[in-house]
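Colleague: I'll drop the sequence and a predicted model, then ask my questions.
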There are 2 protein chains.
Amino acid sequence: MILAKQSPLTRKLSAFVALSEAELAVLERLHQRRRIFAAGRDLVHQGQSDQAAYILSSGWVCSYKVQADGTRQVVDFQVPGDFLGLRSVLLRTSDHSFEPIVTIEAAEVLKSDLLVAFAQTPRLATAILWAASRDEAMVVEHLVGIGRRDADARMAHFLLEIGSRLALVAMGNKEGYACPLTQYHLADALGLSAIHVNRILRQLREAGLMTFRKGHVTFDDYEGLVKLAEFDPAYLDQTGPLLK
Amino acid sequence: MILAKQSPLTRKLSAFVALSEAELAVLERLHQRRRIFAAGRDLVHQGQSDQAAYILSSGWVCSYKVQADGTRQVVDFQVPGDFLGLRSVLLRTSDHSFEPIVTIEAAEVLKSDLLVAFAQTPRLATAILWAASRDEAMVVEHLVGIGRRDADARMAHFLLEIGSRLALVAMGNKEGYACPLTQYHLADALGLSAIHVNRILRQLREAGLMTFRKGHVTFDDYEGLVKLAEFDPAYLDQTGPLLK
DNA sequence: CGCTGCTTTGAGCTAGCTCAAAACCTGTGG
DNA sequence: CCACAGGTTTTGAGCTAGCTCAAAGCAGCG
């Protein structure tokens, strides 16, 4: 293991497979072509075709779809170490939009880069496909949440999942994490109204379970939250919910 | 094009790329190891690990997750030509269960078979990855439906999507299709109660839009339905909604 | 120091839920 | 050929989680 600071993606994939020096080198090479994007300006618009993918190295992004009537559904949030639009490299049109929530740094990855990397290091390919599968498993879990959990469990589950994901890249633990989302973001993700989100957050706070305030999520009673949400992190395919 | 009857998967993939004789042969070879499964008995249980994937050649299957409180969320239905558990070949544990809705016929595909096929015919690999991406796009659209569409639009959208998918394997058209689902299946898929599903179906019927009855979906006013659901089949990445 | 964007609270309203009970359909065994 | 059983559909009647509309605090920033 090198001392130089790792990219979040490297850190994340290392939780899945131990990568060799050579593989790490290929992975780091994918991070050339770094770019900065300002908050609020979409990276990719719904319906745009072709496209490269990005590796997010800092900041948060949300991927969403808007409907004709203007309502929007956030499909997922991306945190450092996540891919943006890995699927749209394959599918002819990108079927959703990406909006940086804060100013972000991301590395552009062309389809060809990816194919070359895959050919050079099959194990790396496996690791990246693992990440892609995991992303899909998260979408499925999200679907279950919206379809069958009531608002408080849905909220708790969601914030716990993000916590686990951040823990994987050392940006969070059982105490909590920094979180730039607004209550509107939560509403669009959870299929609730922003007003109801606010009430649910108050409920959770008053129940002594967690606090969402000033860009920070604090878990006041982690176990209690896990129980309320019936949060079973198996689908994240990590060793445990939070290592610490 | 050969006259011998094609498998539904072949038919589906051919809509995406024109496959050569050699590729078609590899594809048909994946269909050895055919098996029959009775209705109602799960193929794969949630949490089971490793697993092969299956190619569904006849009948319908649903993939779902059950929660601790017993409620269940259907993630998707599979129709002939669809893969079952393609993702669980990669992910360490399969994160949902598959239940045959009627007696089905499916071909077991081992991870190794798939890798061999991919190595032999890269274009086939691309086509299969296309199918996998499309599956994910469908889950995303499903998420949008549950999160942001009200019951009638959600129902209409869902039944239209299935119609388009069936059209791709010549099992449906703008008139309608045979459908073995019960109203309970619809409820579990759409995040509604079975009773409400019934009322919505009545509404749609009385509005002259469509009829769901006796294992058959009939589109009485296809365009009207499309409008109600704001159904834009772009995410299915097919040429059009229904070719005929 | 006055926007602008976010959070908080109040007050009704409604889509979709639960409980309850018929009516139906289909296959099975007498 | 009938009757019964189990699954499915249909309808009624109230209830509630989450919605909409409205408005007031609050904080950061140009």
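Modeller: The structure has been received and is ready for your questions.
Colleague: thought A:Ile128 was touching A:Leu13?
Modeller: Yes. A:Ile128 is within contact range of A:Leu13, at 7.3 Å (criterion: CB atoms under 8 Å). Every C-beta, even on glycine, is put in place using the N, C-alpha and C of the backbone.
Colleague: more neighbours, the two?
Modeller: A:Leu13 (25 against 22; other CB atoms under 10 Å in any protein chain shown).
Colleague: for the more buried one, give me its contacts.
Modeller: A:Leu19, A:Leu27, A:Leu124, A:Ala127, A:Ile128, A:Trp130, A:Ala131 (CB atoms under 8 Å, 6 or more residues apart in numbering or on different chains).
Colleague: so which of those comes closest to B:Glu105?
Modeller: A:Trp130 (30.8 Å; CB to CB).
Colleague: which non-adjacent residue is nearest that closest one?
Modeller: A:Phe16 (5.2 Å; CB to CB, 6 or more residues apart in numbering or on different chains).
Colleague: now do the one you found: how many residues are near it, please.
Modeller: 18.
Colleague: ok so it is a helix residue?
Modeller: No. Under DSSP: H, G, I helix; E, B strand; the rest coil, A:Phe16 sits outside any helix and is assigned coil.
Colleague: for the worst-scoring helix or strand of chain A on mean pLDDT, name the packing helices and strands.
Modeller: Every helix and strand in chain A was compared by mean pLDDT, DSSP states H and E; the lowest is helix A:111-120, with a mean of 83. Packing contacts for helix A:111-120, counted by 3 or more CB pairs under 8 Å, 6 or more residues apart in numbering or on different chains; DSSP states H and E, involve helix A:21-29, helix A:122-148.
Colleague: buried ones in the first one, by neighbour count?
Modeller: Put plainly, it is helix A:21-29. Of the residues in helix A:21-29, A:Glu23, A:Leu24, A:Val26, A:Leu27, A:Glu28 count as buried by neighbour count, 16 or more other CB atoms under 10 Å in any protein chain shown.
Colleague: mind listing the helices for chain A?
Modeller: Ranges of helices in chain A, per DSSP state H, are A:8-14, A:21-29, A:111-120, A:122-148, A:151-168, A:183-190, A:194-206, A:222-229.
Colleague: tell me the contacts of the residue of chain A found nearest DNA strand D?
Modeller: At 2.9 Å from DNA strand D, A:His196 is the closest residue in chain A, using CB to the nearest atom of the strand. A:His196 sits next to A:Ala151, A:Ala187 when contact means CB under 8 Å, 6+ apart.
Colleague: per-residue pLDDT, it?
Modeller: Note for A:His196: predicted pLDDT of 97.
Colleague: what does the least confident helix or strand of chain A rub up against?
Modeller: So helix A:111-120 is contacted by A:Val26, A:Leu27, A:Arg29, A:Leu30, A:Ala52, A:Ala53, A:Val89, A:Leu124, A:Ala125, A:Ile128 (CB under 8 Å, 6+ apart).
Colleague: check which residues of that helix are buried.
Modeller: So for helix A:111-120, counting by 16+ other CB under 10 Å, buried means A:Asp113, A:Leu114, A:Ala117.
Colleague: between that helix and helix A:122-148, how many degrees?
Modeller: Relative orientation of helix A:111-120 and helix A:122-148, computed by axes from the mean of the first three to the mean of the last three CA atoms, to 10 degrees: 120 degrees.
Colleague: can you give the distance of helix A:111-120 from its chain's centre?
Modeller: Distance of helix A:111-120 from the chain centroid (CA atoms, centre = their mean, to the nearest Å) equals 23 Å.
Colleague: filtering the buried residues of helix A:21-29 by proximity to chain B, which remain?
Modeller: Among these, no residue is within reach of chain B (CB under 8 Å from any CB of the partner chain).
Colleague: who does the residue nearest in space to the middle of chain A bridge with?
Modeller: Centroid check for chain A by CA atoms, centre = their mean gives A:Gln78 as the closest residue, at 3.1 Å. For A:Gln78, the beta-bridge partners under DSSP bridges are A:Val61.
Colleague: what does chain A put close to DNA strand C?
Modeller: Selection of chain A residues close to DNA strand C by CB under 7 Å from any atom of the strand yields A:Thr182, A:Gln183, A:Tyr184, A:Ala194, A:Ile195, A:Asn198, A:Arg199, A:Leu201, A:Arg202, A:Arg213.
Colleague: and the pLDDT at A:Gly85?
Modeller: 87.
Colleague: does it really touch A:Tyr54, like I thought?
Modeller: Yes. Contact criterion CB under 8 Å: A:Gly85 and A:Tyr54 qualify, at 6.5 Å.
Colleague: between those two, which contacts overlap?
Modeller: A:Leu43.
Colleague: check contacts around A:Asn198.
Modeller: Going by CB under 8 Å, 6+ apart, the list of residues near A:Asn198 reads A:Gln183.
Colleague: so where's chain A uncertain?
Modeller: A:1-5, A:45-51, A:90-94, A:239-244 (pLDDT under 70).
Colleague: how is it divided into domains?
Modeller: A:8-123, A:135-236 (automatic domain parsing).
Colleague: gap between the longest one and the chain center?
Modeller: Taking the mean C-alpha point of domain A:8-123 and that of its whole chain, the gap between them comes to 10 Å (CA atoms, centre = their mean).
Colleague: now do that domain: distance from first to last residue.
Modeller: 18 Å (CA to CA, to the nearest Å).
Colleague: repeat that for stretch A:168-183.
Modeller: End-to-end distance (CA to CA), stretch A:168-183: 24 Å.
Colleague: and that stretch, what's buried?
Modeller: Result for stretch A:168-183 [16+ other CB under 10 Å]: buried residues A:Leu168, A:Val169, A:Met171, A:Gly172, A:Asn173, A:Lys174, A:Gly176, A:Tyr177, A:Cys179, A:Leu181, A:Gln183.
Colleague: likewise stretch A:190-201?
Modeller: A:Leu190, A:Gly191, A:Leu192, A:Val197, A:Ile200, A:Leu201.
Colleague: DNA strand C: which of those is nearest?
Modeller: A:Leu201 (5.5 Å).
Colleague: separation between the residue lying closest to the closest one once chain neighbours are set aside and A:Thr103?
Modeller: Spatial nearest neighbour of A:Leu201, excluding adjacent residues (CB to CB, 6+ apart): A:Phe212 at 5.0 Å. Distance of A:Phe212 to A:Thr103, given as CB to CB, to the nearest Å: 22 Å.
Colleague: pretty sure A:Val109 contacts A:Leu56?
Modeller: No. Taking contacts as CB under 8 Å, A:Val109 lies outside contact range of A:Leu56: 11.0 Å.
Colleague: which residues are contacting stretch A:199-206?
Modeller: Contacts with stretch A:199-206, where a contact means CB under 8 Å, 6+ apart, come from A:Ala151, A:Asp152, A:Met155, A:Ala156, A:Gln183, A:Leu192, A:Met210, A:Thr211, A:Phe212, A:Asp220, A:Leu225.
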